[in-house]
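Asks: sharing a model prediction with you, sequence too.
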There are 4 protein chains.
Amino acid sequence: MNDHPKHYCGLFGVFGVPNASYLIYLGLYALQHRGEESCGIVTSDGEELSIHKDMGLVSDVFNDENLRLLKGDRGIGHVRYSTTGSSLVKNAQPLFVDYLGNSLAVAHNGNLVNSSSLRKELERTGSIFQTTCDSEVIVHLMARSSSRNVVTKLKSALKKIKGAYSLVLLTEKELIGVRDPEGFRPLCLGKKGESWCLASETCAFDLIEAKFVREVEPGEIVVITDKGLTSARFAARAKRNSCCIFEHIYFARPDSIIFGETVHLVRQKLGETLAKEHPVDADYVIPIPDSGTSAALGFSHASGIPLEWGAIRNHYVGRTFIQPHQKIRDLGVKVKINILREVVAGKKVVIVDDSIVRGTTSRIRVKNFRAAGAREVHMRISCPPHRFPCFYGIDFPSPDELIANRYSVNEIRDYLGVDSLGYLSLEGMLSAVKMPAHKYCVSCWVGKYPFKGAGTLKNVLEKKCVCQRIEIKEG
Amino acid sequence: MNDHPKHYCGLFGVFGVPNASYLIYLGLYALQHRGEESCGIVTSDGEELSIHKDMGLVSDVFNDENLRLLKGDRGIGHVRYSTTGSSLVKNAQPLFVDYLGNSLAVAHNGNLVNSSSLRKELERTGSIFQTTCDSEVIVHLMARSSSRNVVTKLKSALKKIKGAYSLVLLTEKELIGVRDPEGFRPLCLGKKGESWCLASETCAFDLIEAKFVREVEPGEIVVITDKGLTSARFAARAKRNSCCIFEHIYFARPDSIIFGETVHLVRQKLGETLAKEHPVDADYVIPIPDSGTSAALGFSHASGIPLEWGAIRNHYVGRTFIQPHQKIRDLGVKVKINILREVVAGKKVVIVDDSIVRGTTSRIRVKNFRAAGAREVHMRISCPPHRFPCFYGIDFPSPDELIANRYSVNEIRDYLGVDSLGYLSLEGMLSAVKMPAHKYCVSCWVGKYPFKGAGTLKNVLEKKCVCQRIEIKEG
Amino acid sequence: MNDHPKHYCGLFGVFGVPNASYLIYLGLYALQHRGEESCGIVTSDGEELSIHKDMGLVSDVFNDENLRLLKGDRGIGHVRYSTTGSSLVKNAQPLFVDYLGNSLAVAHNGNLVNSSSLRKELERTGSIFQTTCDSEVIVHLMARSSSRNVVTKLKSALKKIKGAYSLVLLTEKELIGVRDPEGFRPLCLGKKGESWCLASETCAFDLIEAKFVREVEPGEIVVITDKGLTSARFAARAKRNSCCIFEHIYFARPDSIIFGETVHLVRQKLGETLAKEHPVDADYVIPIPDSGTSAALGFSHASGIPLEWGAIRNHYVGRTFIQPHQKIRDLGVKVKINILREVVAGKKVVIVDDSIVRGTTSRIRVKNFRAAGAREVHMRISCPPHRFPCFYGIDFPSPDELIANRYSVNEIRDYLGVDSLGYLSLEGMLSAVKMPAHKYCVSCWVGKYPFKGAGTLKNVLEKKCVCQRIEIKEG
Amino acid sequence: MNDHPKHYCGLFGVFGVPNASYLIYLGLYALQHRGEESCGIVTSDGEELSIHKDMGLVSDVFNDENLRLLKGDRGIGHVRYSTTGSSLVKNAQPLFVDYLGNSLAVAHNGNLVNSSSLRKELERTGSIFQTTCDSEVIVHLMARSSSRNVVTKLKSALKKIKGAYSLVLLTEKELIGVRDPEGFRPLCLGKKGESWCLASETCAFDLIEAKFVREVEPGEIVVITDKGLTSARFAARAKRNSCCIFEHIYFARPDSIIFGETVHLVRQKLGETLAKEHPVDADYVIPIPDSGTSAALGFSHASGIPLEWGAIRNHYVGRTFIQPHQKIRDLGVKVKINILREVVAGKKVVIVDDSIVRGTTSRIRVKNFRAAGAREVHMRISCPPHRFPCFYGIDFPSPDELIANRYSVNEIRDYLGVDSLGYLSLEGMLSAVKMPAHKYCVSCWVGKYPFKGAGTLKNVLEKKCVCQRIEIKEG
């Protein structure tokens, strides 16, 4: 039961709107790409909390009937992706507990790096955990606080946890938003009329016609009640931060504003820079939809090579696709994207994608381009090679399985079977975003981790395949 | 019980592969866009037929367990969309019947125009129908034939039915494909190794690594058995045909070859022609994803106006989206596509889409572009205005609800609130496809219908809102 | 697909009460013992029929929601038991068909002996069957009738079918009850206020506070409409009948009046006669609950031996009991009835049961009595030994499996391991009921069957194990 | 969230048999009458615990598939009934928790009287509860113990709880049985071959062919491991006990041995005594099945009045019976038991039942006897009038709703409409059992409660309708 899962999640919260559950449902719909495995909503009518959560997409889990039963004018919601071992309903969020006649719900995006040791200590002194989520330690630390005030309890808990966490919390009377001092994961503050909202990404505000106000700052805690919003800091403002730049490369929706910039425009700029760093002579720029679409447009603009739809995505493919025989495994990749023979046959194409993880999918895709008759296949990737695990909420495979951890770019090129391969440089990537480099976390490319002494490259490499279990100790 | 539903469906069949059900499952996955409401598979092991069908997407209805129970090396599959009234499991296809110790399964894409009178006559003489599908008359007509040979039975039935029908049929020993004499709906013949396949669109062949051989011809019947394929005609080859050109405009996947041409390339050409017919001064060409994407690329190439992603689609939105209050209805449109403020603000944009039906969705979308700050909004549509119903398998709203049936282009422009509106001309549309004009059905634009004397404009307009119930009588 | 199932079923119908579905639900609850496998209700509001049916007990299949959707003041219901092979939802009754804009529902108790040949003929001329029920031929025969009047259609169909059938039918306007000319299965007519009811057993009338009026007569058809009840005969009144006496022995509830007599009182009399025919010296009379309870009371009264509860039934045991290993099979018998050690230890007991079919269960039960310390175990059975199959609606095992078909009473006694075994004589059984012997069917004991030339002992024994498939031809 | 539910439950445990889950399933089947609302099984294979529990009957909740997944040779099971408010899956037992890498499962029969204050104290110091069951405090008290030994932890917890509790617990290595010092609820020890079993009633041993060894004593804890059974006391052996005599009157199955006596024989003796205390001149003794059946037999023997089946029970009636209209409410009572008109008409009958709670059901039943034509109706009850609530695990209605709390016997007689009414006296009841009076709890008849100062009659009556919420404080 040590499989404290890494999270890759989306958060939403709202206070002071009629039938809050329906707005939260919409917000989660907009954030669905951040977690397809389970989802949940908790609402409050000022007196009592109501909850509904289950495995599945937002459209599968919620219906008019259960949304109607989620009464009240305030609430929080969560969409979640997690690794296989812990795909259990009991781990779906928001977490919900009753104690001393009060209720508390918590939703978490990120990953704590000291949750195992905290949990062990809490259990040793009598706490009983209900889930295998790292997030649950926050609730128990709050329950242990002797204060009767929920914000004081929360601050006392935040003092003990380390790692990446954007949180939304709900009590009968309060909606609370928290962003960790490093600012790994985004959390945005919006306003719909007089009502405050919180969301992982601003695309959720667009949908519900709320206005994006600002990000919750790293180390800030915002508390929204009937009397309005109050803000406090639980950690001093720092010069350096650790905003996850991979949100811009891959996670976030192109129509969201993250860390102050529109994602699509950042991606377009990544594509432009990529075209400059790795020029190529080709007939067409072909995006791998949907993740490579924005960068491909930038690449086309900067290179002058015309964009073409050479790879068509089947939008019905979800997680439940059945692959009965080894023989059909390649079909499993093909079912997602079909190559347009009439477009690519006899042409030199440059395909643009956001990243390469294991390399197996890209390799099959290249084979498919060749089979469709492409004369030359060049590949351009809009970030540097991924060589290290992430401990802050992204569920990369273990270092052993990351192709760039074990092979050089030329070796990868040969493995994929492309005529040329170009990764965007670290400098190129950082030049495409507005904030200075020390505001971003780039650990998964460079192997240096935000917490002092913890998870250095050496430590990480000594414990191979540790992504699931590593406990990062402070120096 | 007079709601004989119009069909908009996808067909697949295969003969002579191990575990045929898994290949059919893949085929239906590729054809999912042709029908999201229900789906079904029937297989045969040479002795006995097995069936599984239900309401829902292919990924929801099928799993490893029920695919394994669908035994045999041959089978057919169906995906289906239908109008609300008849969304019943019993209407899901393939239809399946036992009689005299034999079994027969039938799947149908299209719509019969004389099914009501045939059904009435059959019931009058003792037949009992199990569904409200027009397709069921085919089965009863076959059962009434005195022949013991299933192909003879089928031919005898085909003599009596009129309208649009591509069919795949399965008996214990035979896989049969049929395309109506007018050729309204596509049906393609493929080969995977030594095994024959049938599919509505060639994208299904790409996925399973089958090769596209040719289309089943209008008026042709192909019979596949252990001994191979035999072809016969049940109607003479005609000079004129009625291939549904709207398959190219909207229905088919861009990566399919339909009526001899790749859909994406046709759409690109439609976009190019549109740019020439309705030039505009704009900063960006913005496609409405996904239906307008190919035409927008053609428009951009022909006009020299750069393509931009200004409208981002949420790919999780399915049919089950909940719209609880009138107030959120506009959100219902917005949830599908979000406008990228930072891209369109202050710009002159031309948005490219495939068609306008009621106009209500387009109107909201234009409003959203304006709200996002667009300086000018121009709209270009890659086909002529839709003014008439379809009786051959497309479920358009009644004429009254088709905006172009009641208003002029200028009135529509004002209703939508665009700065300019351009529809592709009939001639422009027909110039973008390879076959001569008399090979295509363009009834929904011109109001003249393939069957003599039937469904003339006058007849249609006299019976308002008749799309669901009209019975076209021969002259 | 030749498994035309034997039925053992219960029928209910009512006309002219508000919310008829709820009364029918109650009626089926009272008749649940006649069929635990599936159940269904069809109602009419005078304009339209509504249906709900499924596998399972009445309490599992129906709830407030689906009962509310069954609108109207009239309707019919059915509970069904059938052999394993045909335990399919599609075979659940009432059967329901639409034709020529009208609807018809039919529920059947009994078994037709010429359904296979009728079905083959109907299929040969174009009818398509929806189920594997023998009952469906009735519907097709009605559909073939050229009359427009439903009663005329029905009479035309009844002329062609042979065998056992009590029927209730429902159209938009009519509730119809039919009993076959031999009168195999019961069908009772009742009145609740001014409203007519039909039920297989009178216990259903007691529950809904209706009054038992009379039985529907063999060969009678009753038609209930807004104008009241009309009766007609479709077969002449006969001297001889074939009322199934096993309804009294085992099927019917003790609180029902069947063929003019209260079942409990008949059973008590069977027990008294049994005590006289097979006296025994014992300490206690012990009933096997619940089927042997009434006869045991009669046995106790007549013999003067005190009744005792020595066998306790677990009323929670249903059909879904899991028997994972051969080793637990005997537990499977024990789970139903536990022997009360403190009562039987050291005693001479006589156990009274209604019948012995295969003998395997009885044998285990006797072992259990011995294990509980019984000094002597005597067994008394309240009918003669079962030696022949039933073709009229009781699903006995094939003759080979009937223990009395292959062994003498002494051999059975030894197999069961009892100290003595006594079966009631045929004469004794017939003396316990009021009507003369020629009014009852006793085929399963004597092997002579009601239809001339059909199913004689010789025919039956030549085709061993034929219970499922035999087609009885007329001479 | 203060609805700590009262329990009325059944327990089973076994150690050292292959596929323990199947035996536990059988055990729960035999104990189903002790709790029809939810059930659950936890097993251990020595390394890991597996759990399955849900709302519903044992036959609905368990199937071959989930029993197979419950791996191991040891385990515990639970059936549960509870009051409406807390009928939640999360309250189903066994309770299951993980902490410090170990697992623990607990199943409880009884009711704690100080759980509210214990819970409040635990929550105040940081414990988070998962259910609203009073039983959960035991788990938290164990988690708070600093010992690493589970038995020490358990003893430490038992020191703090008060009330009625028979418990079975399971860890990876141990099966534990506990009975509270007062001995309110039964708990029996059995042996199947070399394997130990625990069960609430011995009928579960009969079914699985285990031998009843002895009861677990009040204040005893038995621990069963690979090394065998060890017994310890956690409370001194007391002169007085509080065995719930209502187990004999109503709860337990007639074929169980409870507190040293076979239930059926005790009930028979209660009936005999009742006949002597309240003789009557009648034609028939009629049992109300099934609860009154044994007492009726005793009444018949002692009085010489013949037993007759005048009330027939419908064994299909479960908890889900639908009562749509006030008008059908009486039918709701009738659906359970039908009166046999032909037996009772014109007769003087004495009906024997186990108890009267609210009186509403009995009243309707008497009306039904009158309607069936009974000339005189006498009622005899095999225990004294129930006037007070139970705090030890029986969910009686609040005192206000107990008819005997507000009315005299004569008033009740008039309310019920019987010709005479006789309750067994307290002395009569106690004379029918073997142990001396001070070994039994008779609080619900006399209003004096086992815990000093707690729940005196005065306290109870001051807080009306308090059965759900009362917290009994120690004096």
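Replies: Right, received. Where do you want to start? What you see is a predicted model; the values in this text were computed from it and never measured. Residues are numbered from 1 along each chain as shown, chains lettered A, B, ... in the order given.
Asks: from here on, just use CA atoms for contacts and neighbour counts.
Replies: Fine.
Asks: can you name the residue of chain A nearest chain C?
Replies: A:Glu65 (14.6 Å; Cα to the nearest Cα).
Asks: confirm that residue sits in a helix?
Replies: Yes: judged by DSSP: H, G, I helix; E, B strand; the rest coil, A:Glu65 forms part of a helix.
Asks: dump the residue contacts of it.
Replies: With contacts defined as Cα atoms under 8 Å, 6 or more residues apart in numbering or on different chains, A:Glu65 has no neighbours.
Asks: pLDDT at it, what is it?
Replies: We have a pLDDT of 90 for A:Glu65.
Asks: pull the CA atoms of the host helix or strand of A:Ala107 into PDB?
Replies: If you go by DSSP states H and E, A:Ala107 is part of strand A:102-112. Taking C-alpha atoms only, strand A:102-112 is exported to PDB below (Å, rounded to 0.1, in the frame of the first residue of the first chain):
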ATOM      1  CA  ASN A 102     -17.900  19.900  10.700                       C
ATOM      2  CA  SER A 103     -17.000  18.900   7.200                       C
ATOM      3  CA  LEU A 104     -14.000  19.600   5.100                       C
ATOM      4  CA  ALA A 105     -13.300  18.800   1.400                       C
ATOM      5  CA  VAL A 106      -9.900  19.100  -0.200                       C
ATOM      6  CA  ALA A 107      -8.700  18.800  -3.900                       C
ATOM      7  CA  HIS A 108      -5.100  18.700  -4.800                       C
ATOM      8  CA  ASN A 109      -3.000  19.200  -7.900                       C
ATOM      9  CA  GLY A 110       0.700  18.300  -7.500                       C
ATOM     10  CA  ASN A 111       2.700  15.800  -5.600                       C
ATOM     11  CA  LEU A 112       4.100  16.000  -2.000                       C
END
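Asks: so it, near chain D or not?
Replies: No: Strand A:102-112 stays clear of chain D (Cα under 8 Å from any Cα of the partner chain), getting no nearer than 9.3 Å.
Asks: domains of chain A?
Replies: A:8-238, A:262-439+A:449-462 (automatic domain parsing).
Asks: start and end of the first one, how far apart?
Replies: Taking Cα to Cα, to the nearest Å, the first and last residues of domain A:8-238 lie 25 Å apart.
Asks: surely A:Tyr81 touches A:His33?
Replies: No: counting by Cα atoms under 8 Å, A:Tyr81 does not reach A:His33; the two are 9.4 Å apart.
Asks: more neighbours, those two?
Replies: Ranked by neighbour count (other Cα atoms under 10 Å in any protein chain shown), A:Tyr81 and A:His33 place A:Tyr81 first, with 24 against 21.
Asks: which residues touch the more buried one?
Replies: Contact partners of A:Tyr81, counting by Cα under 8 Å, 6+ apart, are A:His7, A:Tyr8, A:Cys9, A:Arg34, A:Gly35, A:Glu36, A:Glu37, A:Ser38.
Asks: could those residues go into CSV alongside neighbour count, distance to chain C and pLDDT?
Replies: Shown next, in CSV, are the contacts of A:Tyr81 (neighbours: other Cα atoms under 10 Å in any protein chain shown; distance: Cα to the nearest Cα, whole Å; pLDDT from 0 to 100):
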residue, neighbour count, distance to chain C, pLDDT
A:His7, 27, 41, 48
A:Tyr8, 24, 41, 77
A:Cys9, 29, 38, 93
A:Arg34, 23, 38, 93
A:Gly35, 22, 35, 90
A:Glu36, 22, 33, 87
A:Glu37, 23, 32, 88
A:Ser38, 26, 29, 92
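Asks: and the strands in the stretch 201-350 of chain A, which stretches?
Replies: Secondary structure of the stretch 201-350 of chain A (DSSP state E, counting those that start in this stretch): strands at A:211-215, A:220-225, A:228-233, A:243-244, A:257-258, A:261-262, A:284-287, A:311-313, A:337-339, A:348-353.
Asks: tabulate those (JSON lines), appending mean neighbour count, distance to C:Gly332 and mean pLDDT.
Replies: Shown next, in JSON lines, are those (neighbours: other Cα atoms under 10 Å in any protein chain shown; distance: least, Cα to Cα, whole Å; pLDDT from 0 to 100):
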{"stretch": "strand A:211-215", "mean neighbour count": "18", "distance to C:Gly332": "66", "mean pLDDT": "97"}
{"stretch": "strand A:220-225", "mean neighbour count": "20", "distance to C:Gly332": "62", "mean pLDDT": "98"}
{"stretch": "strand A:228-233", "mean neighbour count": "13", "distance to C:Gly332": "66", "mean pLDDT": "97"}
{"stretch": "strand A:243-244", "mean neighbour count": "24", "distance to C:Gly332": "62", "mean pLDDT": "96"}
{"stretch": "strand A:257-258", "mean neighbour count": "25", "distance to C:Gly332": "65", "mean pLDDT": "96"}
{"stretch": "strand A:261-262", "mean neighbour count": "18", "distance to C:Gly332": "69", "mean pLDDT": "97"}
{"stretch": "strand A:284-287", "mean neighbour count": "26", "distance to C:Gly332": "65", "mean pLDDT": "98"}
{"stretch": "strand A:311-313", "mean neighbour count": "21", "distance to C:Gly332": "56", "mean pLDDT": "93"}
{"stretch": "strand A:337-339", "mean neighbour count": "24", "distance to C:Gly332": "55", "mean pLDDT": "93"}
{"stretch": "strand A:348-353", "mean neighbour count": "26", "distance to C:Gly332": "63", "mean pLDDT": "98"}
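Asks: what's A:Arg119 in contact with, if anything?
Replies: By Cα under 8 Å, 6+ apart, the contact set of A:Arg119 is A:Val137.
Asks: related to what we said a few turns ago, in the next helix or strand along the chain from the strand holding A:Ala107, which residues are buried?
Replies: The first helix or strand that comes after strand A:102-112 along the chain, using DSSP H and E, is helix A:115-124. By 16 or more other Cα atoms under 10 Å in any protein chain shown, the buried positions in helix A:115-124 come out as A:Ser115, A:Ser116, A:Leu118, A:Arg119, A:Leu122, A:Glu123, A:Arg124.
Asks: out of those residues, which comes closest to chain B?
Replies: Ranked by distance to chain B (Cα to the nearest Cα), these are led by A:Ser115 at 32.9 Å.
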